[in-house]
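Trainee: below are the sequence and a predicted model; questions follow.
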Protein chains: 2
Amino acid sequence: MMKNYRLSLFLFSLLMWGCSQPQQQESATTEELEQATPQDQGPITLVIHGGAGTILRKNMTPERDAEYREKLTEALNTGYAVLEKGGTSLDAVIAAIQVMEASPLFNAGKGAVFTNEGKNELDASIMDGNTGKAGAVAGVTTVKSPIQAARSVMDSSPHVMMAGTGAEKFAKEQGLEMVDPDYFHTDRRFEQLQKIRESEDKRTGYLFEWPDRKFGTVGAVALDKDGNIAAGTSTGGMTNKRYGRIGDAPIIGAGTYADNATCGVSATGHGEFFIRNVVAYDIAALMKYTGITLNDAAEEVINKKLVEIGGGGGIVSLDRQGNVAMKFNTEGMYRGFINESGKPNTFIYKDE
Amino acid sequence: MMKNYRLSLFLFSLLMWGCSQPQQQESATTEELEQATPQDQGPITLVIHGGAGTILRKNMTPERDAEYREKLTEALNTGYAVLEKGGTSLDAVIAAIQVMEASPLFNAGKGAVFTNEGKNELDASIMDGNTGKAGAVAGVTTVKSPIQAARSVMDSSPHVMMAGTGAEKFAKEQGLEMVDPDYFHTDRRFEQLQKIRESEDKRTGYLFEWPDRKFGTVGAVALDKDGNIAAGTSTGGMTNKRYGRIGDAPIIGAGTYADNATCGVSATGHGEFFIRNVVAYDIAALMKYTGITLNDAAEEVINKKLVEIGGGGGIVSLDRQGNVAMKFNTEGMYRGFINESGKPNTFIYKDE
């Protein structure tokens, strides 16, 4: 990795050195660039994910496959309806994510996985690519919609991140819907906890890399009619997590990032690797500083950098031109997008 | 800002387009670059900060000034002794930070500020530039040395971040020194809470921007004899903070970042702005992707990008060559560095 960077740097220096003055005179004026912007702006677009992992066609029943596609379609249609009515990308992101939070299919909201202590601790974050403002909550147990709580932190406090009972107190004061922790109990997730506990490495107390591991975090990125990008992510974290572990989902720069000048990104995967690699912002930084496309930047980060260190997962993203990138290095990722055609497109496996 | 990026991008594209093939043939082989590395490696170096803010010469007594310089000197000498004996940059960072955590002068450990509820909630993080591993704790109230707890999360768990009582349970199991929450009570900080409460904006319940505001977070970045960089940050957060607010100090990429290929960074400042701008990683990304120096990258992020959005604070940083950058956009920053001369250099005000 280091070699590559050093080499790139060296090549870049050579290029800079080799370039003569006359060519630089062809640069556009700021006015010309400004004029180019409206033409560059893409149509209203929404892209979502419902988690990545070992999702194989052979392990899926036709009913289960259909269930996921229906819920992804509902999330896309719900978010897109907001954009079609002239709503903001922030509202579209919230609307799409709330459909998935309310479903037991995904590891977020209602379908959140269990901690080692048999609790559901939820994390979420959102970022506004227009203002650069952001909000996040971590380790909440009684907020029905964690993504809405993240939005409230952004809109109604001077802070970016709140955790635990403090975050819950804030959400309650903001009038958000609170629920009993039991609301997040689903038998399917509870059984997953028992299963993972049985396969746990007794020496370390941590979980093995079990074969059908999934990162079921949900997320959405939207581009609205004003060219504003927003991104959001919501999760129940890692099954059997301990010690108040926080993953990448509520970390701005790791799990969520948005900037109108580059792109919006929502991630799902092995959070520790996503934090260490500052994944969401790294995609934006690559675009901003090297001029490569969203597709190339996302490919570099997800299928090269993360793969090199064994960080499984993926991202969905879009740029101001409405270009969509959905990249993952796992067997599958629940995902989909919708744009001017108004037709939702959903995907699950690697080969589609 | 956006204009600048778009312009840079356009200029870069033109340059790339204008460069002809023959020049690219002059690129070095990977072997040549590898050989260059040992010569590039700088001497063992340590740089620290004890917080930035409105620190003015006119408000400081000679005694107070001396007290700060003595403690910074002690932290530098303690960390440098580790490096001199051939110790790792991680150990040096911990040693230097623990001197400041144990002092009531800084807003970290013993001298932590109070939350709105009259408690002390501490955050810390550390990153290893050699392995890319990282650890962080947020909102702990009974761990004597939060930076040591962050180190334990990195070394002894598969996680990067732990929060609240879960993090404390982990620290205790790891055999770290636990204290009664009262350990962190200092009269000076408690008086500050009363003062800030009185000046609080009653309408919003949040604090005013009071004139002598300080961000007293502490941090250290070290380069050891093997060329490995490590960075760490420890804080009591923001006086009068509410709702389990988490700032940038425990966020990898925002408050702390280290990568041997670029630099190590520890930040102090208005955490919300540092999170939104992914400050620590952004400095590394600028170096990595545009080839500019550490000094230029730090200047760009602290004195341009952050200033544009009103984000007060600063960073200390170093690269593999041992170049040190200490940048801040406030009136002062407690800071210092020590390298091969073995003589600690300390600074407080802007004009020195």
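Mentor: That came through fine.
Trainee: on the three-state scheme, residue A:148 is what?
Mentor: helix (DSSP: H, G, I helix; E, B strand; the rest coil).
Trainee: need the contact list for residue A:147.
Mentor: A:93-94, A:97-98, A:101, A:124, A:126, A:232-234 (CB atoms under 8 Å, 6 or more residues apart in numbering or on different chains). Using the backbone N, CA and C atoms, a C-beta is placed for each residue, glycine as well.
Trainee: 10 Å instead, please
Mentor: A:93-98, A:100-101, A:108-109, A:122, A:124-126, A:135-137, A:218-220, A:232-235 (CB atoms under 10 Å, 6 or more residues apart in numbering or on different chains).
Trainee: residue A:269 and residue B:329: what is the separation?
Mentor: Applying CB to CB, to the nearest Å, the value for residue A:269 to residue B:329 is 35 Å.
Trainee: kindly report the same for residue A:66.
Mentor: Counting by CB to CB - residue A:66 and residue B:329 are separated by 55 Å.
Trainee: out of the two, which sits in the busier spot?
Mentor: Applying other CB atoms under 10 Å in any protein chain shown to residue A:66 and residue B:329 shows that residue B:329 carries more neighbours, namely 18 against 11.
Trainee: hang on, that one packs against residue B:312?
Mentor: Yes - taking CB atoms under 10 Å as the definition, residue B:329 is a contact partner of residue B:312 at 6.2 Å.
Trainee: hey, what's in contact with both of those two?
Mentor: Here residue B:329 and residue B:312 share the contacting residues B:52, B:269, B:302, B:306, scored by CB under 10 Å, 6+ apart.
Trainee: list phi and psi for the last one.
Mentor: Put plainly, it is residue B:306. Backbone geometry at residue B:306, expressed as degrees, to the nearest 10, gives phi -70, psi -40.
Trainee: hang on, it packs against residue B:271?
Mentor: No - if you go by CB under 10 Å, residue B:306 and residue B:271 don't touch, sitting 11.8 Å apart.
Trainee: neighbour count for these two, which is higher?
Mentor: residue B:271 (31 against 27).
Trainee: relative to residue B:343, how far out is that one?
Mentor: Residue B:271 is 33 Å from residue B:343, by CB to CB.
Trainee: likewise for residue A:142?
Mentor: 55 Å.
Trainee: between those two, which one's more packed in?
Mentor: When residue A:142 and residue B:343 are compared for neighbours, residue A:142 comes out ahead with 19 against 11, by other CB under 10 Å.
Trainee: ok, now which ones touch that one?
Mentor: Remark: with contacts taken as CB under 10 Å, 6+ apart, residue A:142 is in contact with A:120, A:122, A:165, A:167-168, A:171-172, A:176-181, A:183-184.
Trainee: highest neighbour count among these?
Mentor: With neighbours defined as other CB under 10 Å, the most crowded of the contacts of residue A:142 is residue A:167; it has 32 neighbours.
Trainee: check what pLDDT the residue in the stretch 201-350 of chain A positioned nearest to chain B gets.
Mentor: Nearest residue of the stretch 201-350 of chain A to chain B (CB to the nearest CB) works out as residue A:244 at 2.5 Å. The predicted structure scores residue A:244 at 93 on the pLDDT scale.
Trainee: could you do residue A:171 as well?
Mentor: Reported pLDDT for residue A:171: 97.
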